[in-house]
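Here's my sequence, what's the structure:
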Amino acid sequence: MHHFEILKCLVAKKIELGIGNRTMTVEQLRNMHQVQPFRPFTIRMADGTSCHVPHSEFLSQSPGGRSIIVHHPDDTFSVIDLLLVTELKVDGSPTVAQQS
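Presented below is the predicted three-dimensional model:
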């Protein structure tokens, strides 16, 4: 099996963070992204940086699940490798637009 195929298998099952016993799965992110009503959350990376996701429309995920794009209100965006994510932190109440 080639290295790329092995990596794809690991990513499909779960993404190991290498920080203690904490793991971040693709499913955990999908669940956080698709919960109804949506709750804003912050994605924290291993280097200490973070990215806020205020609404579900601000996040998109690659078909394989390894990378995500977080769009910012100023029309910029961040591409994030899920191997670097250490935490998903729910920030507050459900967004008003999706409560109705």
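
what about dumping the CA coordinates of the helix or strand Arg30 falls within to PDB?
Arg30 is located in helix 26-34, with elements delineated by DSSP states H and E. This file holds the C-alpha atoms of helix 26-34, laid out as PDB (Å, rounded to 0.1, in the frame of the first residue of the first chain):
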ATOM      1  CA  VAL A  26     -14.100  14.100  10.700                       C
ATOM      2  CA  GLU A  27     -17.500  13.000  12.100                       C
ATOM      3  CA  GLN A  28     -17.100  15.300  15.100                       C
ATOM      4  CA  LEU A  29     -16.600  18.300  12.800                       C
ATOM      5  CA  ARG A  30     -19.500  17.300  10.600                       C
ATOM      6  CA  ASN A  31     -21.800  16.900  13.600                       C
ATOM      7  CA  MET A  32     -20.800  20.400  14.900                       C
ATOM      8  CA  HIS A  33     -21.300  21.900  11.400                       C
ATOM      9  CA  GLN A  34     -24.700  20.200  10.700                       C
END
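
Follow the chain on from it and name the next helix or strand.
Heading C-terminal from helix 26-34 (DSSP H and E), you reach strand 41-45.

Could you list the residues in contact with the helix or strand just after that next one?
Under the assignment DSSP H and E, the closest C-terminal helix or strand after strand 41-45 is strand 50-53. Contacts of strand 50-53 with the rest of the structure, by Cβ atoms under 8 Å, 6 or more residues apart in numbering, involve His33, Pro40, Phe41, Thr42, Ile43, Arg44, Met45, Leu59, Val70, Ser78, Ile80, Asp91. Where C-beta positions appear, they are placed from N, C-alpha and C, glycine not excepted.

could you redo the last one with a cut-off of 6 Å?
Strand 50-53 has contacts (Cβ atoms under 6 Å, 6 or more residues apart in numbering) with Phe41, Thr42, Ile43, Arg44, Leu59, Val70, Ser78.

Which positions within that strand qualify as buried?
Cys51, Val53 (16 or more other Cβ atoms under 10 Å).

who wins for most neighbours among the contacts of strand 50-53?
Counting neighbours by other Cβ atoms under 10 Å, Ile43 leads the contacts of strand 50-53 with 24 neighbours.
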